[in-house]
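**Q** Sequence first, predicted model second:
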Amino acid sequence: MNAWTFALRSLVRQPGRAGLGVLGIAAVGALLFDMLLLSRGLVVSLKNLLDSAGFDVRVVASESPPGTGPRVRQAAAAVAAIARLREVDEVVPLLFGEASATGPGGVALKLNFTGVDPGARRPWRILEGQDFGSPVGEGMPPLIVNRNLAKALGVSAGSEATLRGGGAQGLSALPPAHFRIVGIGAFPFDEASALTAVTRLADFRRACGLEDRDEADLLLVSSREGQGTAAAVKAIRALRPDLHSFSNEELVALFEQAGFSYFRQISTVLSSVTLVFGFLLITVLLTVSVNQRFAEIAALRALGFSRARVVVDVLCQSVLLVGIGGLVSLPLGLGLSIWLESILHAMPEVPVSIHFFVFQPRALVLHTLLLFLTAVLAALYPMRLVARLPIVSTLRSEVIT
Amino acid sequence: LVVARIRSGLLLVTFGLATTLQASPGSPAAEPASILVSRQLLEKERLSVGNVVWLAGDASGAGAQPFRIVGAYEPTPDPQHLGSPWLEARLHLPDLIRLTNDGSDPASTESVGAVNVRLVDPNDATAFARELAARLPGLIVRPTTPPPVARDPFVVLERFHLAIALVTVAASSIFLLALMVMLVDERREMVAILRLLGLRRRRILTQVFFEGLLISVAGAAFGVLLAVLLQGAFNRFFQWHYDTALVFVRITPQIARRSVMVAVPLGIMTSVVSSWGLLRREVLSLARR
């Protein structure tokens, strides 16, 4: 009988104890798995989100997030100058604001209102209807709304909508602006309950009373193919040192340093705690088990089992306990991550496309390695006990008692 | 005193300029206007109270003006700014307006970014905001009401921590149960002897109950003590890491009470449950070797 079979039979002989050990490791392993998913989840998710629209450089007036800091002044000149750079393929200026609308039954709706002059790439995806097509000035200004807003207003593509720019219902003195809803779109940065509308920059300025202000909150830049993001960022910085240009990687690094560090810290702390917990659990289980089986182990040694063999048996028991527990922990951890994700997603201003727990093969490999290391370390003390067991005196003591 | 704030990037550049100008012999004749700087900025730029620094409204340093640092302050801890370097200075509003004056915009000397208003009755906030917005078109007026409780980021984080705590308690319960099962198993013979001596199941179970109570109370007290000791270390580490005065961990009597209220019944329950299986068995089967 090989060491694995022998170890398995030793565990099966005490099913309650082994079951509790496996369950304990499964619970600890699930938490560890989740913390590994959490440690990189936001970073991976944000990177995917930033890359999704096809723009690899973002230009703002300050280091503050767009919409919260000063705006880029003389935006038209800035857009034209940046667009002329040979490293740049496309520049899209955006202005962020708020607007209000009245839903069915006179319900006041506060919505995120964006003005944009899109080029070939769009920072949204059309779900119904069409995109901006007709040039500015022809007919009613076009508006693309998200599904939430379309539902709240009870409208569809082709309907008319009236918005009042600049603040919540009743708190703005600006005249209402009329739009034609040309399409229903999905906006990657929308949170779950966001009401979003986007129109052309000129129409946005008109609705918000900003006609005389040549400003933009954010310039989305796409680097020219073959030139690379770094070259585009360098060229923009050289051209406009007063503006702040960031590649998607730099933005992710900035967020990682500031906003995401809390989750990285909590993930590190909880991963360490769970590993210590798992180590203690297995060490105690194996040590007590070995203590209770001293006579049996001494008898096996007397029958001819080598010292190495009985030591390997203990190690195999540890690996089996942790291995089975680790396997159970994976589906348990995935289920737990869905629950924890739903809790964290209740945070305001978290886009639907952002996920706190993101599966990566790296997390699975790290989970396996850490649990294997725990199994080996936890087995060290009971292995030492078994290795140093005096055969004759143990057997004698057993016969006397 | 009316105080205005300016933030990070701009200051970093202009303070670099300030060190050059400060050493130059052509120092200003008139006493420079006074400013306060954040402790973080003071330390980062190796400044001290009494230094004259030059600030500019433009990142190129054009139009820089001298200011004397009259004090440093600790910014109000704000979890929303965790991880962002708190590099800021506070100027008197007229000084800031003079510094950021845009020559091409005649209205720039009459403009401010925001005006904070304190009402006699805070309940009038919404009505006041509506009325003011109607009277001053183009102005965005917002009452400073807190976000709805369910969507407050800190309420969400508290819920997340509670969920993690629940999972940890579940894992601990399994660990405890495994330990108690082993402990009880080791005492099988002793229980058999007690039963043979005439002690009834109820009597032994009562003994197990009090044993569990003692162990869990001692364990809970040790846990709370350990948490109290560790909170200082946690706070010092994170305050150093994020360079903030924020308090990250605070063991309140309420939290300690809640921990004990969970740990003690859990300890007693696992003791009784693990012992019950043994006590149910016939005394002869317990005594059999």
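**A** The structure has been received and is ready for your questions.
**Q** Going by C-alpha atoms from here, please, whenever you check contacts or count neighbours.
**A** OK.
**Q** Which parts of the chain are helices?
**A** Using chain A here. Secondary structure of chain A (DSSP state H): helices located at A:3-13, A:15-52, A:75-84, A:147-153, A:201-208, A:229-239, A:248-257, A:261-292, A:294-303, A:307-344, A:361-387, A:391-400.
**Q** if you could check chain B rather than the one you did, that'd help
**A** Applying DSSP H to chain B gives helices spanning B:8-23, B:39-44, B:93-99, B:125-135, B:153-186, B:188-196, B:201-242, B:253-280, B:283-287.
**Q** re the thing from before, make a markdown table from the helices of chain A and add mean pLDDT and distance to chain B to it.
**A** Output for the helices of chain A, formatted as a markdown table (pLDDT from 0 to 100; distance: least, Cα to the nearest Cα, whole Å):
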| stretch | mean pLDDT | distance to chain B |
| --- | --- | --- |
| helix A:3-13 | 85 | 14 |
| helix A:15-52 | 88 | 5 |
| helix A:75-84 | 93 | 16 |
| helix A:147-153 | 92 | 18 |
| helix A:201-208 | 89 | 8 |
| helix A:229-239 | 93 | 13 |
| helix A:248-257 | 83 | 6 |
| helix A:261-292 | 84 | 6 |
| helix A:294-303 | 87 | 13 |
| helix A:307-344 | 91 | 6 |
| helix A:361-387 | 92 | 15 |
| helix A:391-400 | 80 | 12 |
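**Q** Ok, which of the ones you listed comes nearest residue B:121?
**A** With Cα to Cα as the criterion, residue B:121 lies closest to helix A:201-208 of the helices of chain A, at 30.7 Å.
**Q** any residues touching that closest one, and which ones?
**A** A:94-95, A:113-117, A:136, A:141, A:163-166, A:174-177, A:211, A:213, B:138 (Cα atoms under 8 Å, 6 or more residues apart in numbering or on different chains).
**Q** if you set the cut-off to 6 Å instead, what comes out?
**A** The contact list for helix A:201-208 (Cα atoms under 6 Å, 6 or more residues apart in numbering or on different chains) reads A:115, A:116, A:117, A:165, A:166, A:177, A:211.
**Q** Stretch A:318-338 too?
**A** Counting by Cα under 6 Å, 6+ apart, A:22, A:25, A:26, A:29, A:30, A:33, A:34, A:375, A:379 sit against stretch A:318-338.
**Q** Next up, the contacts around the first one.
**A** Contacts for residue A:22 (Cα under 6 Å, 6+ apart) come out as A:321, A:325.
**Q** what about 8 Å?
**A** Residues near residue A:22 by Cα under 8 Å, 6+ apart: A:321, A:322, A:324, A:325.
**Q** for the third one, same thing?
**A** With contacts taken as Cα under 8 Å, 6+ apart, residue A:26 has the following neighbours: A:325, A:326, A:327, A:328, A:329, A:332.
**Q** next one: the second one
**A** Counting by Cα under 8 Å, 6+ apart, residue A:25 makes contact with A:278, A:281, A:321, A:322, A:325, A:326, A:329.
**Q** how about a cut-off of 10 Å?
**A** Neighbouring residues of residue A:25 by Cα atoms under 10 Å, 6 or more residues apart in numbering or on different chains: A:19, A:31, A:274-275, A:277-279, A:281-282, A:321-329, A:371, B:171, B:174-175.
**Q** Repeat that for the last one.
**A** Contact criterion Cα under 10 Å, 6+ apart gives A:279, A:282-287, A:311-312, A:314-319, A:373 as the residues in contact with residue A:379.
**Q** Stretch A:176-185 near chain B at all?
**A** No: shown here: stretch A:176-185 not in contact with chain B (Cα under 10 Å from any Cα of the partner chain), separated by at least 12.6 Å.
**Q** got the CA coordinates for that stretch in CSV?
**A** Only the C-alpha atoms of stretch A:176-185 are listed here, as CSV (Å, rounded to 0.1, in the frame of the first residue of the first chain):
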residue,chain,number,x,y,z
PRO,A,176,-35.5,73.8,-21.3
ALA,A,177,-33.8,72.3,-24.4
HIS,A,178,-35.5,70.0,-26.8
PHE,A,179,-33.8,67.0,-28.3
ARG,A,180,-34.5,64.1,-30.7
ILE,A,181,-33.5,60.7,-29.2
VAL,A,182,-31.7,59.1,-32.1
GLY,A,183,-30.5,56.0,-30.2
ILE,A,184,-30.3,54.0,-27.0
GLY,A,185,-26.8,53.3,-26.0
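**Q** circling back to that earlier point, quick one: closest of the helices of chain A to residue B:154.
**A** helix A:307-344 (10.4 Å).
**Q** Report the distance from that closest one to the chain centre.
**A** Helix A:307-344 has its C-alpha centroid displaced from the chain centroid by 24 Å (Cα atoms, centre = their mean, to the nearest Å).
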